[in-house]
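# coords please:
(2 chains)
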There are 2 protein chains.
Amino acid sequence: MSAVRRRRLDLAQGRVELAHGGGGRAMGQLVEEVFRAAFDNPVLARAEDASPIGGGLVMTTDSFVVSPLFFPGGDIGSLAVHGTVNDLAMAGAAPVALSAAFVIEEGFPLADLARIAASMAAAAREAGVPVVTGDTKVVERGKGDGVFVTTTGIGRCRPGIAPSAGQVRPGDVILLNGPVGDHGVAIMAAREGMEFAEPLLSDSAALHGLVGALLAAAPGVRCLRDPTRGGLAATLNEVADRCGCGMLLQEAAIPVRPAVAAACELLGLDPLHVANEGKLVAILPPGEAEAALAALRAHPLGREAARIGTVTEDARRYVQIDTRFGGRRMVDWLAGEQLPRIC
Amino acid sequence: MSAVRRRRLDLAQGRVELAHGGGGRAMGQLVEEVFRAAFDNPVLARAEDASPIGGGLVMTTDSFVVSPLFFPGGDIGSLAVHGTVNDLAMAGAAPVALSAAFVIEEGFPLADLARIAASMAAAAREAGVPVVTGDTKVVERGKGDGVFVTTTGIGRCRPGIAPSAGQVRPGDVILLNGPVGDHGVAIMAAREGMEFAEPLLSDSAALHGLVGALLAAAPGVRCLRDPTRGGLAATLNEVADRCGCGMLLQEAAIPVRPAVAAACELLGLDPLHVANEGKLVAILPPGEAEAALAALRAHPLGREAARIGTVTEDARRYVQIDTRFGGRRMVDWLAGEQLPRIC
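Numbering: from 1, shown residues only, chains lettered A, B, ... in the order given. Presented below is the predicted three-dimensional model:
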């Protein structure tokens, strides 16, 4: 519940906790009180995933520390490309160039490094964006964990298109391009060595093509977000917080694969809090909702797209959900993340 | 000696070694055989620190893993800004925007994180470039080492200016903007707890202003390089390798602070192999050398600038030095780096 205020960070005695990297409220607080306070500038203050740098270009960066490095449906290399391309896409931008910086732990197998580089290159080729520059650092054994990859992306905006959370208004419709929870559950299952009859694959994918199709059909899209760390719940709470509205979701309308639902049940996870790497939320005026939904469903990455709720007038900025059983409950914004190092 | 060929990496059984991050020949081999092989594209193949991305812009990225995080003359925050601004400056570009991504070890003091962010912000303000976007990840205790910072920079090229190693020709003059070895020796002394009568400070500084003054006086500059990891020796060997020429240096002309020379003697280091973070090498036609040297010396970061040698016609691509004692020796390109995690 974003209306609850936490105490400020203890900058004298406090320490960084895993929750500070979880994409939830604790991370928001760290970013606000440490980084935004230091780098005080209007572009950073927008708090969008990608920032304008002039000339119609936007810039985004992400470090990837996913564990394990290889997982069903992808690896740290493809994930880094997809994640960065998606942050550009959520700004309505087409990818122009990527950089890749590697921090490698001494003793890491060259075969694994080559496999990661190949996967990254394949993902970049498929997304149609070149990796133009890079860097390699090596740290001593025990001072890293295999490989960390930091990708930065530059994208070109479409004229007149600049989606942002601040534009969202009551009455807007919330769309989702497919089932939630696949990535987080795939990682968790890989970590725990769990096996399922139906294999659980990460949904990791580059969404800029899907966004292009969506914007062509519905140029009035107000806000685009990829619900990664913290899942759909964190993403919607963050948007509600920025636009000063509430949201009301329909649980029955939110797609979750049966195998993912079963795994979540087993692991004690809520699919709404689990990370996705090939999903987007589009918030747009009701008049464009039908055209947008049709455009999403016509694309291979949006076949299971659904209308999952609406934006409400609510000064408390509550995100609520009508459950399958006829009740209504809060969709909370976790302090941290159920699963550290999910991306 | 760049003419010597090493065996190819063992991509089946080999492992990453500290030397692969050292900026020397081992790193060159890793980049070539793992990364450039995978990301095969003409921009990356240029092997300059910053790469063109269209629209007169260049992009560069660097991960910083320096240890200790705080050292005399700077810290990982200011170093990350300077290093990235300098990579842009060496492409003849003015900085436009920076991104900053942090991988933080669980338990890291918030006070230190805030100090790093403040130092980074101060360095960015001083360089006149905004940090427009960022990311924060947290890894478990023992899976990182305090903080790693990855900065990416976008710069705008000056019309008609595109320095690169490939343009260097026999007869060109080699200039250096000041004494070498300060950064590496400051780090090493901090690590070893050594104290000197005269404090050893890193030379970490943003060089884009100096480069602007240099290019105004000498627009024909062929190649600019900042001799960081691997020092002046690695930088000149790399340029020699790319342009297919040799180089002849005058040892007596290369400035080294007495305290740095003494510390190197004590630590068994060669100042030519020690990293710098506020130095540049400019290679240019002899006709512009005087004007360039005057421009460098008129700038606070170039007061001790010197003409240190010339480019020679030499198919073996040897970098050689005339010593103070009247001899001539090879300036070798170390396989790795004398000092891991220097930046």
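# For the residue nearest to the spatial centre of chain A, which residues are in contact?
Computing the C-alpha centroid of chain A and ranking residues by C-alpha atoms, centre = their mean puts residue A:228 first, at 2.6 Å. When contacts are counted by C-beta atoms under 8 Å, 6 or more residues apart in numbering or on different chains, residue A:228 touches A:23, A:83, A:183, A:235, A:275-277, A:342-343. In short, each C-beta sits where N, CA and C put it, glycine included.
# Make a markdown table out of those and add pLDDT, distance to chain B and secondary structure.
Putting the contacts of residue A:228 into a markdown table (pLDDT from 0 to 100; distance: C-beta to the nearest C-beta, whole Å; DSSP: H, G, I helix; E, B strand; the rest coil) gives the following:
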| residue | pLDDT | distance to chain B | secondary structure |
| --- | --- | --- | --- |
| A:23 | 81 | 9 | coil |
| A:83 | 98 | 10 | helix |
| A:183 | 97 | 16 | helix |
| A:235 | 96 | 16 | helix |
| A:275 | 95 | 13 | coil |
| A:276 | 97 | 17 | coil |
| A:277 | 98 | 15 | coil |
| A:342 | 91 | 10 | coil |
| A:343 | 94 | 8 | coil |
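# which one is whichever residue of the stretch 151-300 of chain A sits closest to chain B nearest to, not counting chain neighbours?
Closest to chain B within the stretch 151-300 of chain A is residue A:152: 3.7 Å, counting by C-beta to the nearest C-beta. Nearest non-adjacent residue to residue A:152, counting by C-beta to C-beta, 6 or more residues apart in numbering or on different chains: residue B:152, 3.7 Å away.
# That neighbour contacts residue B:61, doesn't it?
Yes - taking contacts as C-beta atoms under 8 Å, residue B:152 lies within contact range of residue B:61: 4.2 Å.
# Common neighbours of those two, please.
Counting by C-beta under 8 Å, 6+ apart, the common neighbours of residue B:152 and residue B:61 are A:99, A:101, A:150, A:152, B:84.
# follow-up on the earlier one: helix, strand or coil: sort out the residue nearest to residue A:152 for me.
At residue B:152, secondary structure determined by DSSP: H, G, I helix; E, B strand; the rest coil is strand.
# Residue A:62 now?
Here residue A:62 is recorded as strand under three-state DSSP.
# quick one, what contacts it?
Counting by C-beta under 8 Å, 6+ apart, residue A:62 makes contact with A:80, A:83-84, A:87, A:150-152, A:343, B:101, B:135.
# which non-adjacent residue is nearest it?
In this structure, residue A:62 finds its nearest non-sequential neighbour in residue B:135, 4.7 Å apart by C-beta to C-beta, 6+ apart.
# Can you give me the buried ones in the worst-scoring helix or strand of chain A on mean pLDDT?
The least trusted helix or strand in chain A, going by mean pLDDT, DSSP states H and E, turns out to be helix A:42-45, with a mean of 77. Within helix A:42-45, the residues that count as buried by 16 or more other C-beta atoms under 10 Å in any protein chain shown are A:43-44.
# could you dump that helix to PDB, C-alpha only?
Extracted in PDB, the C-alpha atoms of helix A:42-45 (Å, rounded to 0.1, in the frame of the first residue of the first chain):
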ATOM      1  CA  PRO A  42      15.000  16.600 -13.800                       C
ATOM      2  CA  VAL A  43      15.600  13.700 -16.200                       C
ATOM      3  CA  LEU A  44      16.400  11.200 -13.400                       C
ATOM      4  CA  ALA A  45      13.500  12.500 -11.300                       C
END
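# Just the closest residue of the stretch 201-343 of chain A to chain B, please.
When distances are taken as C-beta to the nearest C-beta, the stretch 201-343 of chain A reaches nearest to chain B at residue A:341, 6.5 Å away.
# Please give the element, helix or strand, for that residue.
Taking DSSP states H and E as the definition, one finds residue A:341 inside no helix or strand.
# need the contact list for it.
A:21, A:65-67, B:137, B:139-140.
# Now restrict the residues you listed to buried residues only.
Here, 16+ other C-beta under 10 Å leaves A:21, A:65-67, B:137, B:139 buried among the contacts of residue A:341.
# and of the residues you listed, the nearest to residue A:75?
Set against residue A:75, the nearest of those by C-beta to C-beta is residue A:66 (8.3 Å).
# I figured the closest one hits residue A:79, correct?
Yes - with contact defined as C-beta under 8 Å, residue A:66 counts as touching residue A:79 (6.0 Å).
# Common neighbours of those two, please.
Taking C-beta under 8 Å, 6+ apart as the criterion, residue A:66 and residue A:79 both touch residue A:343.
# Which strand residues bridge the residue nearest to residue A:152?
For residue B:152, the beta-bridge partners are residue B:61, residue B:99 (DSSP bridges).
# Give me the below-cutoff pLDDT ranges for chain A.
Counting by pLDDT under 70, the ranges of chain A that qualify are A:1-6, A:335-338.
# Domain map for it?
A:51-157, A:165-330 (automatic domain parsing).
# Pick the most buried one from the ones you listed.
Mean neighbour count, computed with mean count of other C-beta atoms under 10 Å in any protein chain shown, is highest for domain A:51-157 among the domains of chain A, reaching a mean of 24.
# my read: residue A:156 touches residue A:91, true?
No - Residue A:156 lies out of contact with residue A:91 (C-beta under 8 Å); the separation is 10.1 Å.
# Now list whatever residues contact both of these two.
In terms of C-beta under 8 Å, 6+ apart, residue A:156 and residue A:91 are both contacted by the residues residue A:58.
# Please state the offset of stretch A:182-189 from the chain centre?
Distance of stretch A:182-189 from the chain centroid (C-alpha atoms, centre = their mean, to the nearest Å) equals 14 Å.
# Report the separation between residue A:219 and residue A:141.
53 Å (C-beta to C-beta, to the nearest Å).
# Would you check how far apart the residue nearest to the centre of chain A and residue A:291 are?
Counting by C-beta to C-beta, the gap from residue A:228 to residue A:291 is 27 Å.
# do the same with residue A:33
Per C-beta to C-beta, residue A:33 is found 42 Å from residue A:291.
# what are the ranges of the helices in chain A?
For chain A, the helices defined by DSSP state H occupy A:25-30, A:37-38, A:42-45, A:76-89, A:110-127, A:182-192, A:208-217, A:231-243, A:258-267, A:289-297.
# which residues make contact with the longest one from outside it?
I take that to be helix A:110-127. Residues from elsewhere that reach helix A:110-127 (C-beta under 8 Å, 6+ apart): A:69-70, A:74-78, A:80-82, A:85, A:95, A:98, A:100, A:102, A:104, A:130-131, A:146-147, A:149, A:206, A:208, B:9-16, B:34-35, B:37-40.
# Now the residue of the stretch 201-343 of chain A closest to chain B. Nearest residue, chain neighbours left out?
Once flanking residues are discounted, residue A:341 sits nearest to residue A:67: 4.5 Å by C-beta to C-beta, 6+ apart.
# unless I'm mixing things up, the one you found is touching residue A:191, no?
Yes - using C-beta under 8 Å, residue A:67 is in contact with residue A:191, at 7.1 Å.
# Just list whatever residues bridge to the residue of the stretch 101-250 of chain A found nearest chain B.
Across the stretch 101-250 of chain A, the shortest distance to chain B (C-beta to the nearest C-beta) belongs to residue A:138, at 3.0 Å. Taking DSSP bridges, one obtains residue A:104 as the residues bridged to residue A:138.
# what does the one 10 residues further on give?
For residue A:148, the residues forming beta bridges with it (DSSP bridges) are residue A:103.
# got the contact list for it?
Going by C-beta under 8 Å, 6+ apart, residue A:148 touches A:63-65, A:102-103, B:63, B:103, B:137, B:139, B:148.
# So which of those residues is the closest to residue A:322?
Nearest to residue A:322 among those: residue B:137, at 34.6 Å, using C-beta to C-beta.
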